[in-house]
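# below: sequence and its predicted model.
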Amino acid sequence: MPAISTKRRLLASLLLGAAWVAAPVAFADETPVVEVWKGPQCVCCRDWIKHLEANGFRVKSHDTGNTTIRKQLGIPMELGSCHTARVDRYAIEGHVPAREITRLIKEEPAALGLAVPRMPLGSPGMDGPAYGNKRDPYDVLLVTPEGKTTVYQSYR
């Protein structure tokens, strides 16, 4: 068996060491991407996206409106809001708090996704001085594959 030269051994060690060091970097960012469909001028949608980003999510936004994607994802129209999103295998309709999206991804229920119908004051993106710091009670709804809902989390 031929002897391996010192240069080749050194080169192989360097390459293996570089691959070992680089590997964690390539897989380090496992933060879910939230893909959002909204109208191009919607301020509260942009504020909701800022809320998601401030809570560690990466966001890809489409300014094409959300009616078509809402229908494609199976969210009933009566649960509609001004934006629709998708994260992992779940649909997110409306001003759902990042905390509940994180919980959804962690718990992995057999569901279509989450919805906060309409645009309740005090929900992420519908909060702060621009809205008089008002807070309406609202529920985050878990939407089943059949389109039925149960309360996932209440905000009072």
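Perfect, thanks for sending it.

# right, and the helix or strand after the helix or strand of the chain with the lowest mean pLDDT?
Between all helices and strands in the chain, the lowest mean by mean pLDDT, DSSP states H and E belongs to helix 6-27, at a mean of 37. The element immediately downstream of helix 6-27 (helix or strand, assigned by DSSP states H and E) is strand 33-38.

# what's the burial count for residue 60?
For residue 60, the number of neighbouring residues by other Cβ atoms under 10 Å comes to 11. Backbone N, C-alpha and C define where each C-beta goes, glycine included.

# and it, helix, strand or coil?
Under DSSP: H, G, I helix; E, B strand; the rest coil, residue 60 falls in the strand class.

# how much space separates the spatially most central residue of the chain from residue 125?
In the chain, the C-alpha nearest the mean C-alpha coordinate belongs to residue 34, at 3.3 Å (Cα atoms, centre = their mean). Going from residue 34 to residue 125 by Cβ to Cβ, to the nearest Å gives 13 Å.

# now swap in residue 95 and tell me
According to Cβ to Cβ, residue 95 stands 5 Å off from residue 125.

# list residues touching both of these two?
Residues touching both residue 95 and residue 125 by Cβ atoms under 8 Å, 6 or more residues apart in numbering: 44, 48.

# what is the burial count for the residue nearest to residue 138 when sequence neighbours are not counted?
Leaving aside its chain neighbours, residue 138 sits nearest to residue 120 (3.8 Å; criterion: Cβ to Cβ, 6 or more residues apart in numbering). By the criterion of other Cβ under 10 Å, residue 120 has 19 neighbours.

# pretty sure residue 120 sits against residue 95.
Yes: in terms of Cβ atoms under 8 Å, residue 120 counts as a neighbour of residue 95; the distance is 6.9 Å.
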